[in-house]
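[1] Structure, please.
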Amino acid sequence: MRTLIVGSGFVGRAVADRLARAGERPVLASRRPPQHAPAPWTPLDVTDPASCARVLADTAAEQVVLVHGPSDVTWCDRHPDEAMAGHETAARNMRAAAGDRRLVLISTDNVFDGSRPDCAEATPTAPPNAYGRAKLAAEQVFAGHAAATVLRVSLVYGWESADSVKWLNFFAACAHRLLAGEPVAVPHDQWTTPVLVDDVAAVTAAVLAARDVPLLHLGGPDRISRADWALLIAAELGVDPGLVVAEPRAAGRYAGRPENTCLTSTLLSRLPATAGVPVRGVREAARLLVAAGVRAAR
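    Residues are numbered from 1 along each chain as shown. From the prediction side, this is the model:
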């Protein structure tokens with residue numbers, strides 16, 4: 001199966017790697033070539049309708065995964081028009097070009113305002129920031145599309161090397177700073193349900209094979225504050241927990257995040273396609289990541 005993955009960042013590369021290892025034929029597409037690509041790459045300006053049509057024709061893709069657009073909440077708040085174009089306009093272009101191809105859009109927990117400690121598929125949306133508004137607009141492009149699934153994903157994490165060209169995910173950023181003996185300032189009042197990137201890739205691959213699933217949530221099994229998560233990472237690394245500095249989210253770069261960015265699902269464990277896919281907790285995942293990545297990088 002030929003799969004076009006629109007977006008070649010952290011999640012897009014993980015999905016491509018998962019599909020390639022399963023014998024599929026993924027192609028990554030983005031403005032710039034990715035680091036350490038696990039699959040062929042092709043240039044794509046997803047805000048250009050002609051570019052979308054050309055790439056679909058050239059790759060002969062039979063299905064599409066959309067992991068596109070800016071995801072830095074602070075940047076999106078400062079550039080709301082660009083954020084909307086990077087998500088909603090891009091989704092509209094790809095829907096028009098894709099026709100009846102299978103489509104999976106990776107969305108976010110930021111479509112909720114953070115007033116609830118958990119949000120399931122039926123929870124009403126209320127995006128509190130420009131990133132959430134842009135993602136919700138992209139979701140609405142696919143409303144009623146019989147071949148499309150919106151997969152909302154909570155905070156994704158995993159191991160990344162320190163030379164990443166973009167900002168690192170929360171786990172990797174904490175690990176690199178803690179290993180260097182540097183303090184990590186993190187909010188004690190912002191909670192999430194983190195989900196390991198390998199599990200995101202596994203669920204995405206499973207959802208591609210499913211039908212009649214317009215909306216699905218994917219969050220990890222643990223609801224945890226960023227400060228407590230950083231302390232857990234420090235403990236697994238065997239470094240001084242005093243390096244973790246808990247602060248209010250309003251004091252730092254998380255000011256634009258909702259109090260809760262947490263997802264639960266009423267469907268994930270019941271759907272035949274996803275019922276058998278494990279979604280690991282933060283402690284188990286930290287042990288795996290430290291063993292496989294952090295220690296090897298020392």
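[2] check contacts around residue 288.
    Residues in contact with residue 288 (CB atoms under 8 Å, 6 or more residues apart in numbering) are residue 280. For every residue, glycine as well, the C-beta is placed using N, CA and C.
[3] check which helix or strand covers it.
    Secondary-structure assignment from DSSP states H and E places residue 288 in helix 282-289.
[4] got it, and residue 17?
    Secondary structure from DSSP H and E places residue 17 in helix 10-21.
[5] Can you tell me what sits against that helix?
    Contact with helix 10-21 is made by 1, 3, 5-6, 8, 25-28, 30, 34, 36-39, 65, 67, 106, 153, 156, 158, 160, 166, 169, 197-198, 200-202, 204-205, as judged by CB under 8 Å, 6+ apart.
[6] Name the next helix or strand downstream of that helix, please.
    Heading C-terminal from helix 10-21, the first helix or strand you meet, by DSSP H and E, is strand 25-30.
[7] Name the residues of that next one that are buried.
    Residues of strand 25-30 classed as buried by neighbour count (16 or more other CB atoms under 10 Å): 26-30.
[8] do the same with stretch 242-262
    243-244, 246, 249, 254, 256-262.
[9] and residue 163, how many neighbours?
    6 (other CB atoms under 10 Å).
[10] got a pLDDT number for it?
    Residue 163 is assigned a predicted lDDT (pLDDT) of 77.
[11] From residue 216, how far out is it?
    34 Å (CB to CB, to the nearest Å).
[12] Same check on residue 8?
    Using CB to CB, residue 8 is found at 23 Å from residue 216.
[13] now do residue 93
    With CB to CB as the criterion, residue 93 and residue 216 are 23 Å apart.
[14] Residue 119 now?
    Distance check for residue 119 against residue 216: by CB to CB, it reads 13 Å.
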